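1. test case, fold it:
(3 chains)
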Amino acid sequence: MFRTVFTRSSTLLNNKTAFVASGKRFYADAVKSEDLLTFSLVLPHQTIYKDKKAPLITLPGAKGVFGVAKDHIPKIAELKPGVMQINHEDGKEEKFFLSGGFAFINPDNTCYVNAIEAFPIEQLDQEAVKKGLAQYTQAYNDATEETAKAVALIGLESYQQMAYACGVSV
Amino acid sequence: MNTTVKASSKLFVGLTNQNQVRGMATLKDLKVRLGTVQTISKLTKTLHMVASSKLRSAEKKAEELGAFNVGPSKLLSEIKSNEALDQLEQGTTFAEDRSNKQLVIAITTDTGMCGPVNHQVVKACKALLSKDTEDKMIASTTGLKGTAPLATDYPKKLLFGGRDFGKQDYSFPETLLFLNEIIAKIPNFDNAVIVYNKFKNALSYSVDALFIPGFNLMEQHRDKFYTYQTTEDRAATMKDLSEFYLASAFWASLYQNRASEMAGRMVSMDNASKNGESISQGLSLQYNRARQAMITSELIEITSGAAAIEDSN
Amino acid sequence: MAGQFWRAAGLTYLQYSSMCASHLRNALKEPFRATANNREKFESSVTEYVNGKESSTLTLDTALLQKQLKLTK
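-> Reported below is the predicted structural model:
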């Protein structure tokens, strides 16, 4: 069971009511192929998924996590460091941690997720995340000058998100 | 002993001594030259094989990793010129201060012997720069073969020259650092043009240019993105996107150019090997003739010596 | 991303995204970290030209990437 998170506009404009009504429905009924989103997850050095069909993906946008399903309205989303979840046809959930990038949802229903680095969340090292979180929290508190503070905050935000992703307390 | 041989051998005695000395020197030279040419041929044959296998993997990478540019270019490749910006009246307020600068980024290599790959890119860049009467263009290269010609002919328009860029293999973190040097100097670029070799097949690759709109230009084309929603601050997203597109387009062009470079090197090495072989054949022939001439003169010496002994007897 | 704090501080998007990518690579378990660090095994240089003459040269390598993060670990 999972919580679907949609942006207001997508729920209003998305006329696939069966889909919008309840997340539970996915796994109870067989999902028809026409109801699937087609997306690609590409990194500069590797293509993880190309034209993959799935019922739903959720992405780490600037203002929080948002979901993308078939017939989503066109969108250009800048991605922040965070978790991308793929809800596969067979019910399995797959989670990647993205360092950032862009997502393009086009009027022709294609969806490209461009990330600079992405790894399955299981590959995050809790010790390294704990350490980084402490270091950048300290750096942020110590920094006085604007650039130093910005650099520290970039580190802090990244490590905070990684901490949420791999179960380290923030 | 035959009088003819005796007579003719007496004629040759003086000559054969000289010829022998000259013959030995020539023979040695020829052997050395032959050895050199054969070594170089082995080298070019090896380099040809290396380029051939590198071509196969470069071709594959160009196709796979070019996928990184599909998303952004699908959205932005329709903006092909600076017209929308240039046509505006003075005093127009822009999204950010207009810099009136156009970036030209030439994908060139450090080493040569790769066919016309660098020459084509340099030629195209020079054509662009020659038309830049208003001094808007700022050029940068990724490799030495592009830097020297541009520094010579357009010293005021050259900004950065790369070296050892992507030597082993291209790396995106390296790409971000490289492009950032340019962007940090010219953050409000009007647009950028990436000049590279587009790969078709092992025998066909030609110069192409990718046009990257800057932030102000993208704003002038807002109607193209009208249908696209952005939940965040739209302007900030588009500003970041213009930098991102520069990186993704540059990334794709690097691999296209590398595949072209490998194809060019293959042909170049193949030609060098063929040349080496024909020179080698010519030298072999010369060497064998010289060797035979030496043997003949030695024989004549022996027979004339024997005839002299016989005579004295 | 309204008036992103890092842009206000003079950083570019390329720097910002490069830093976030470094943070992620640095926080991985082995052997994934070693594989990711292969992407940092470059060493090249960028030379600035003034009037056609070499002015200054910057080395691009993993040390520069770590320096960007401004944290001596």
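2. gap between whichever residue of chain C sits closest to chain B and chain A?
-> Going by C-beta to the nearest C-beta, chain B is nearest to C:Gly52 of chain C, at 2.7 Å. For every residue, glycine as well, the C-beta is placed using N, CA and C. For C:Gly52, the distance to chain A (C-beta to the nearest C-beta, to the nearest Å) stands at 32 Å.
3. which ones are touching the residue of chain B found nearest chain C?
-> Per C-beta to the nearest C-beta, B:Pro155 is where chain B lies closest to chain C, at 2.7 Å. Listed by C-beta atoms under 8 Å, 6 or more residues apart in numbering or on different chains, the contact set of B:Pro155 reads C:Tyr49, C:Asn51, C:Gly52, C:Lys53.
4. what residues does chain C put near chain B?
-> Contact residues, chain C versus chain B (C-beta under 8 Å from any C-beta of the partner chain): C:1-4, C:7, C:12-15, C:17-18, C:21-22, C:39-49, C:51-53, C:58, C:60, C:64-65.
5. and the residues you listed, which are buried?
-> Listed as buried from the residues of chain C next to chain B are C:1, C:4, C:7, C:12-15, C:17-18, C:21-22, C:39-40, C:42, C:44, C:46-49, C:52, C:60, C:64-65; burial here means 16 or more other C-beta atoms under 10 Å in any protein chain shown.
6. ok so, going back, in JSON lines, list the contacts of B:Pro155 along with secondary structure and pLDDT.
-> Formatted as JSON lines, those follow (DSSP: H, G, I helix; E, B strand; the rest coil; pLDDT from 0 to 100):
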{"residue": "C:Tyr49", "secondary structure": "strand", "pLDDT": "97"}
{"residue": "C:Asn51", "secondary structure": "coil", "pLDDT": "95"}
{"residue": "C:Gly52", "secondary structure": "coil", "pLDDT": "94"}
{"residue": "C:Lys53", "secondary structure": "strand", "pLDDT": "95"}
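7. okay, these in TSV with distance to A:Thr137 next?
-> Shown next, in TSV, are these (distance: C-beta to C-beta, whole Å):
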residue	distance to A:Thr137
C:Tyr49	42
C:Asn51	47
C:Gly52	48
C:Lys53	46
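8. can you list the residues of the stretch 51-200 of chain B near chain A?
-> B:Glu64, B:Leu65, B:Ala67, B:Phe68, B:Val70, B:Gly71, B:Pro72, B:Lys74, B:Leu75, B:Phe172, B:Thr175.
9. what is the longest strand along chain A packed up against?
-> Ranked by residue count and defined by DSSP state E, the top strand of chain A is strand A:46-54. Other helices and strands packing on strand A:46-54, by 3 or more C-beta pairs under 8 Å, 6 or more residues apart in numbering or on different chains; DSSP states H and E, are strand A:37-43, strand A:82-87.
10. can you tell if the shortest one touches chain B?
-> No - using C-beta under 8 Å from any C-beta as the criterion, no contacts between strand A:82-87 and chain B are found, and the smallest distance is 13.7 Å.
11. and that strand, how far from the chain's centre?
-> Computed by C-alpha atoms, centre = their mean, to the nearest Å, the chain-centroid distance of strand A:82-87 equals 4 Å.
12. summarise which helices and strands that strand is packed against.
-> On a contact count with 3+ C-beta pairs under 8 Å, 6+ apart, strand A:82-87 meets strand A:46-54, strand A:56-61, strand A:93-98, helix A:146-166.
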